[in-house]
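show me how the following folds:
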Amino acid sequence: MSSIHVPHSSHSGSWWTLIGCYDLTVLMWTFLRITKQYLPHLARLCLISTFLEDGIRMWFQWHEQRDYIEATWSCGYFLATAFVLMNLVGQLGGCVLILSRNFVQYACFGLFAIIALQTVAYSILWDLKFLMRNLALGGGLLLLLAESRSEGKSMFAGVPSMGESSPKQYMQLGGRVLLVLMFMTLLHFDSNFFSILQNMVGTALIILVAIGFKTKLAALTLVVWLLAINIYFNAFWTVPAYKPMHDFLKYDFFQTTSVIGGLLLVVALGPGGVSMDEKKKEW
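Below you'll find the model as predicted:
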């Protein structure tokens, strides 16, 4: 039997690259088809996880949180107690409404207010890393708000529509742009090869999600990457509960999980109208 000769040419590398991209695309669409019914629910659960954890934290650390606010702002016992109560009820109540799919838009606005309140109360405004992470969390809520608007419009089936509303499109754009701020806090400016490679790949994926090009594939890749980083670096369960590092890692873990939820919403719902993926359909 004669062997088949494969000629070597300058185009062989590009062919293998195309085949690799094709395999990744097929794998992604297979994943989306299998998880189509469950992915939005998982995304919402991940997205509200940091609010759920923080609301529970307010209950179990009631005195510590109240004393911190009272000492930091000299606002008195009553206002400090009101702050903790507002955080507890607002976050747990918002999570219940979002998971039950009732008054989702009001719940999102309430959680936006909680983020803004905590940013000021805990002096996050002056810490760039945590500020960017809070903004990324707000991006996830924007995507959830856009999804709820879509569901609200779907209730009026049969009514003529001029297409997707501009507010929803720009919410999705804003959500995507804010989400990628999380990854900017993960970039390491070291001179070793691994850090440089990680920064290059991460930056490329961030840009793809922000501009909405190959959005689902890029977002899904970021989900896998962020999930691995979260489990490795924020393993709070390995630290004794009495150590301050336990609470710090736990907070960071659930905040990162919420950003993963926002990215899963991008994977499930797509980038929206203001994106290169959408514009390609018109070309």
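
test my guess that Thr215 contacts Val274.
No. Here Thr215 does not reach Val274: they are 11.3 Å apart, not a contact under CB atoms under 8 Å. Using the backbone N, CA and C atoms, a C-beta is placed for each residue, glycine as well.

number of nearby residues for the nearest residue to Ile48 once chain neighbours are set aside?
Leaving aside its sequence neighbours, Ile48 sits nearest to Cys95 (CB to CB, 6 or more residues apart in numbering; 4.6 Å). Cys95 sits with 24 neighbouring residues when counted by other CB atoms under 10 Å.

contact partners for Cys95?
48, 51-52, 55, 107 (CB atoms under 8 Å, 6 or more residues apart in numbering).

confirm for me that Arg124 is in contact with Met132.
Not quite, residue 124 is Ile, not Arg. No. With contact defined as CB under 8 Å, Ile124 does not reach Met132; the gap is 9.9 Å.

distance from stretch 268-281 to the middle of the chain?
Distance, stretch centre to chain centre, for stretch 268-281: 18 Å (CA atoms, centre = their mean, to the nearest Å).

quick revisit: which one of Thr215 and Val274 has more residues nearby?
Comparing Thr215 with Val274 by other CB under 10 Å, the one with more neighbours is Thr215, at 23 against 19.

next up, the contacts around that one.
So Thr215 contacts 176, 208-209, 266, 270-271, 275, 277 (CB under 8 Å, 6+ apart).

and which of those residues is nearest Phe112?
Comparing the contacts of Thr215 against Phe112 with CB to CB places Arg176 closest, at 17.1 Å.

ok, residues contacting the strand or helix carrying that closest one?
Using DSSP states H and E, the element containing Arg176 is helix 166-179. With contact meaning CB under 8 Å, 6+ apart, helix 166-179 is reached by 135-136, 138-143, 145-146, 149-150, 209-210, 212, 215, 259, 262-263, 265-266, 269, 271-275.

buried only: go through those residues for me.
135-136, 138-143, 145-146, 149, 209-210, 212, 215, 259, 262-263, 265-266, 269, 271-275 (16 or more other CB atoms under 10 Å).

which ones among those residues lie within helices?
135-136, 138-143, 145-146, 149, 209-210, 215, 259, 262-263, 265-266, 269 (DSSP state H).

quick one: the contacts of Thr215 as a markdown table, columns for distance to Lys250 and pLDDT too.
Output for the contacts of Thr215, formatted as a markdown table (distance: CB to CB, whole Å; pLDDT from 0 to 100):
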| residue | distance to Lys250 | pLDDT |
| --- | --- | --- |
| Arg176 | 27 | 90 |
| Leu208 | 31 | 90 |
| Val209 | 27 | 89 |
| Val266 | 25 | 90 |
| Gly270 | 32 | 83 |
| Pro271 | 32 | 84 |
| Ser275 | 35 | 83 |
| Asp277 | 36 | 77 |
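
ok, and the closest non-adjacent residue to Lys250?
Using CB to CB, 6+ apart, the closest residue to Lys250 is Phe236 (4.0 Å).

sketch out the low-pLDDT regions of the stretch 101-250 of the chain for me.
150-165, 187-190 (pLDDT under 70).

just the helices in it please.
Secondary structure of the stretch 101-250 of the chain (DSSP state H, counting those that start in this stretch): helices located at 104-121, 128-154, 166-179, 181-184, 193-211, 215-233, 244-269.

just send the ones you listed back as JSON lines, with distance to Phe83 too.
Supplementary listing: these in JSON lines, determined by distance: least, CB to CB, whole Å:
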{"stretch": "helix 104-121", "distance to Phe83": "7"}
{"stretch": "helix 128-154", "distance to Phe83": "17"}
{"stretch": "helix 166-179", "distance to Phe83": "25"}
{"stretch": "helix 181-184", "distance to Phe83": "26"}
{"stretch": "helix 193-211", "distance to Phe83": "35"}
{"stretch": "helix 215-233", "distance to Phe83": "29"}
{"stretch": "helix 244-269", "distance to Phe83": "17"}
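
and the ones you listed: which comes nearest Leu42?
helix 244-269 (6.2 Å).

tell me which residues in the following helix or strand past the closest one are buried?
Following helix 244-269 in sequence order, the next helix or strand is helix 276-280 (DSSP H and E). By neighbour count on 16+ other CB under 10 Å, the buried set for helix 276-280 is 277-278.
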